[in-house]
Every structure is written in C-alpha cells, then in structure tokens.
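> when you get a sec, could you give me coordinates for this:
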Amino acid sequence: MTEIKHGSVTVIFPDHLTPSDEAGRLTDDDKRKLPKARRGVGLVCEQTASALEIVGARFKGPPLRG
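Okay, here's the model as predicted:
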C-alpha cells in the first residue's frame with residue numbers, strides 16, 4: 001500500500017490504486033485535459049481535515065480492505 005502524508009493527514013492507497021511513476025510530471029497541456037473538481041471540494045477537504053485533527057483518536061473510520 002502507498003502512503004501519502006499531507007500535514008497531519010495520511011492517505012493510504014491500496015496497491016491497485018498506486019499513483020504511476022509519471023504522477024506529478026504532467027505538462028501544461030496534459031493538465032488542461034484533466035477533468036476539473038467541483039467548486040468547493042478543496043474547502044470541504046480542508047474542513048474535514050481540521051475536524052479530524054480535533055476529534056483525533058475518537059474518530060473510527062471504516063476498516064481497511066486488503
């Protein structure tokens with residue numbers, strides 16, 4: 001499994017969803033072709049991360065599937 005950490009948030013990806021070796025190296029033209037996220041998604045992610053920091057270990061997420 002692949003782990004990506006951003007601040008106090010850790011995202012774990014199963015092996016079948018591991019980012020490719022080319023991830024992070026897109027050209028400007030490639031970036032324009034990507035679908036755009038809906039407005040407000042970034043804000044929701046930031047607020048969720050803040051809430052998870054506040055509740056800490058009291059939050060029990062879903063079990064990981066292998």
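> when you work out contacts or count neighbours from here on, use the C-alpha atoms and nothing else.
OK.
> so which elements touch the helix or strand encompassing residue 5?
Using DSSP states H and E, residue 5 maps to strand 2-6. Using 3 or more C-alpha pairs under 8 Å, 6 or more residues apart in numbering; DSSP states H and E as the contact criterion, the neighbours of strand 2-6 among helices and strands are strand 9-13.
> quick check: mean pLDDT of the strand it packs on?
Here strand 9-13 scores 82 as its mean pLDDT.
> contacts for it next, please.
If you take C-alpha atoms under 8 Å, 6 or more residues apart in numbering as the criterion, strand 9-13 is touched by 1-5, 49.
> any idea which residue sits dead centre in this protein?
Taking C-alpha atoms, centre = their mean, the centroid of the chain lies closest to residue 11, which sits 5.7 Å from it.
> direction included, what does the strand holding residue 5 pair up with?
strand 9-13 (antiparallel) (DSSP bridges).
> before we move on, back to that, so which of the contacts of strand 9-13 wins on neighbours?
When neighbours are counted by other C-alpha atoms under 10 Å, residue 49 leads those with 15 neighbours.
> the residue of the chain most remote from its centre is in what secondary structure piece?
Most distant from the centre of the chain: residue 29, at 23.1 Å, with distances by C-alpha atoms, centre = their mean. Assigned by DSSP H and E, residue 29 belongs to helix 28-33.
> hang on, the earlier thing: widest-spaced pair of the contacts of strand 9-13?
1 and 49 (21.2 Å; C-alpha to C-alpha).
> give me the neighbour count for residue 15.
10.
> related to what we said a few turns ago, which SSE is immediately downstream of the helix holding residue 29?
Defined by DSSP H and E, the subsequent element after helix 28-33 is helix 41-55.
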